[in-house]
Structures are given as C-alpha cells and as structure tokens.
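In: turn this into a structure:
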Amino acid sequence: MAAIKASIKTWAREFGFQEAGVAGVDLADAEPGLLAWLEAGYHGEMDYMAKHGLKRARPAELVPGTVSVIACRMNYAAADGRDPQAALDDPQAAYISRYALGRDYHKLLRNRLQKLAERIAAEIGPYGFRAFTDSAPVLEVELGTRAGNGWRGKHTLLLSREAGSMFFLGEIFTDLPLPPDAPQAEHCGRCTRCIEICPTQAIVAPYTVDARRCISYLTIELHGAIPAELRPMIGNRVYGCDDCQLVCPWNRFAQHTEQPDFAIRNGLDRASLIELFAWSEAEFNERMVGSPIYRIGYERWLRNLAVGLGNAPASEPVVAALQARAADASALVREHVGWALARHGEPQIADADHP
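Out: Below you'll find the predicted structure:
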C-alpha cells in the first residue's frame, strides 16, 4: 500500500493536481466543532449543512466501506489577470472572486479525480471508490489537513507553505487501506491579518466564520435580500470575496494555474459595474454558461451589481444605470436598486406596473 500511495501521488501530478495526500476516516475530534458551528446558526440559509449533520465528519457513513481518503489540490489563479487589489481599489470595477473568473471547476476536478481513480484500478485491479469536489457533505479542509496538504488557516481555508490558498480541493473516498500522511504543522503564528481585513467582520474568532456575514455567502448562497446594514461593507464585490486570501502572507507563494479552463473569460477581471449591469438575461445566460457564476442566476446577479453601484461614487452614468432598472420585473432587484438610488440621493423611478 505504501508503494501504491507513492504512485498515486505521481499520477495525481500527471493529471494536473499540484499535491495529493492520504487521510484516515476517523474525524471524531472534528465533530464537536462542526456541531457548535451549526448550533450557533453560522451556516445561515445553507440548510444542507444542518441536514447532513455529522455525516460530513463520517466518511464511512457517506460512502460505506471507505477506509481512506485521497485528498488533492489544484491551483486556480490565472497568470494574466488584473491585479486583484487594483480591482478592489477601483470603485467602478465589478470585483469577482479569482476562482470564478474562468470555467466552473466542478466538472474539471471530478473528471481528473475519476481519471486518477481509474489509473489506480488499471494498476491494482477493481476496487471501491467515489470522487467528490465541493459536491457532497465532506469536510474538505479537515481531510486536506489530515492528508498533509496544508493546515487550516484562521480564515478556515487550507493553507500551504508552497502555494498559499488559491487552489481547489477534491477527494477520492476509497476502500483501499492506504497509509495516511502526517499532518503539517500550523504556520499562522500570531498573524491575524485575515480577521482584521474582513469587510463584514465575518471571521468572528480564529478558525470560525459566521457565514451570515460573509460576502461570499451573501453574494452567492443567499437567495433573498442582502441585509441592508451589510450592503455598504460589500463595496464593489459582486461575486465572492478574496480579501482574507489577498492579505495572507502565505499567498506570496500562490502559484498560477496550468489549466486552460481556468483562464479568464469575458474580461471579468476588468469589467465595470455599469457594463455588467447592462447585460440582458440572454447575454448573462450566454456568457456565463459553464461559469460558477451561472448558478446564482440573473436575478441575484443584478441584485449584487445594484449593491455595487450603490457603493460606487455618485455620477450621472451610475445613477442612469440604476434608474434604467428601477422598474425591473423582479421585486428583489427593484428593492436593491431603490436602496442604491437612495444612497445617491435619488428617488426610485416606478411605473404603473411596479409602483
């Protein structure tokens, strides 16, 4: 099994992963923290988190027969994108999390994990396995930590001394009794930059995020109205947030992706709020097909952009863009546009159909 594990790590690199390790399945000591997080309500409207309960910490319950987990990571940062801090500092820009600038990662990672699993089978014969990437009740960071791929940072993301945190995670649950790797030591020390930089103070304690305040949750997972008191803090972030990663010293070592699928599409690293707010639903569907952004849909896309425009410096083009959607068919969009117009001292324009 030790020899097979060594081969798995080599094959993982051949399939585009930067690192692979093996974790055991006894995550009992992670259960109290998971339960406390759920009981505090920090998962917000992500009901699936509570629905699956402790199954998330029990791989052998999720996939019966599992005795080992192969945990992999793959870089996603594009080499040629606009400097993310420059985009954040430009109030006219629409900031989109770096992981979402290219194609959706789910299909690519699952495909590569499947190929890796099949390569193992070609070597040893049939065995039991199932591949996941952000697609099932799996404690991905916990498994990545136990597999020696890094350590959990205070922002709760997996951190690597060699690659920072800008990578995707994926796992293969297997019935192969592979020897586990040794976890890495933590290297955050006294640093609290990620906690201090969070625009909404969503990192309520080291290693604890209140998703209800997290901009990634607010702009992606939340289906309804964004709480008005949090909107000014969102700034120009219209899909996700990278602040805690950008300020992390270990991301000086973040590596660029080698995957063409993660190349920037539709100029999203340089797009303006006004430009994206002008897209029709047909344009959104055409341009965002195959993108992670597609899953939030056009209505929430406009909701997020309206908040960004409300936080942008007042100007005639900004106000005109908002007024053009003041009578939008969606009540959710209208409410956020009205809030944005009020921020600029402008009344919301209503029509007979939408008073």
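
In: what's the pLDDT at residue 347?
Out: At residue 347, the model reports a pLDDT of 79.

In: and what of the one 3 residues further on?
Out: Taken from the predicted model, the pLDDT recorded for residue 350 is 52.

In: ok, now residue 48?
Out: 89.

In: again with residue 143
Out: pLDDT, residue 143: 98.

In: tell me the contacts of residue 275?
Out: Counting by CB atoms under 8 Å, 6 or more residues apart in numbering, residue 275 touches residue 94. (Each C-beta comes from the backbone N, C-alpha and C, glycine too.)

In: and it, that's in a helix?
Out: Yes: under DSSP: H, G, I helix; E, B strand; the rest coil, residue 275 sits within a helix.

In: packing partners of the helix or strand where residue 123 lies?
Out: For residue 123, the enclosing helix or strand under DSSP states H and E is helix 105-124. Contacts defined by 3 or more CB pairs under 8 Å, 6 or more residues apart in numbering; DSSP states H and E place helix 105-124 against helix 2-14, strand 68-75, strand 129-132, strand 167-174.

In: figure out which of those is closest to residue 116.
Out: helix 2-14 (5.7 Å; CB to CB).

In: how about that closest one: buried residues?
Out: Along helix 2-14, these residues count as buried under the neighbour rule (16 or more other CB atoms under 10 Å): 5, 8, 9, 11, 12.

In: which helices and strands does the helix or strand hosting residue 334 pack with?
Out: Secondary structure from DSSP H and E places residue 334 in helix 331-343. Applying 3+ CB pairs under 8 Å, 6+ apart, we find helix 331-343 packed against helix 231-234, helix 297-311, helix 316-323.

In: on the three-state scheme, residue 238 is what?
Out: Quick answer, by three-state DSSP: residue 238 is strand.

In: for residue 41, see how far away residue 16 is.
Out: 38 Å (CB to CB, to the nearest Å).

In: who's more crowded, the two?
Out: Set side by side, residue 16 and residue 41 show more neighbours around residue 16, with 19 against 11, by other CB atoms under 10 Å.

In: so what touches the helix or strand of the chain with the lowest mean pLDDT?
Out: The least trusted helix or strand in the chain, going by mean pLDDT, DSSP states H and E, turns out to be helix 47-52, with a mean of 88. Applying CB under 8 Å, 6+ apart, the external contacts of helix 47-52 come out as 38, 43, 56, 137.

In: now those as TSV including secondary structure, distance to residue 195 and neighbour count?
Out: Compiled in TSV, the contacts of helix 47-52 are given as follows (DSSP: H, G, I helix; E, B strand; the rest coil; distance: CB to CB, whole Å; neighbours: other CB atoms under 10 Å):
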residue	secondary structure	distance to residue 195	neighbour count
38	helix	21	17
43	coil	20	19
56	helix	24	22
137	coil	27	18
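
In: show me which of those residues is closest to residue 162.
Out: Of the contacts of helix 47-52, the one sitting nearest to residue 162 (CB to CB) turns out to be residue 56, at 27.6 Å.
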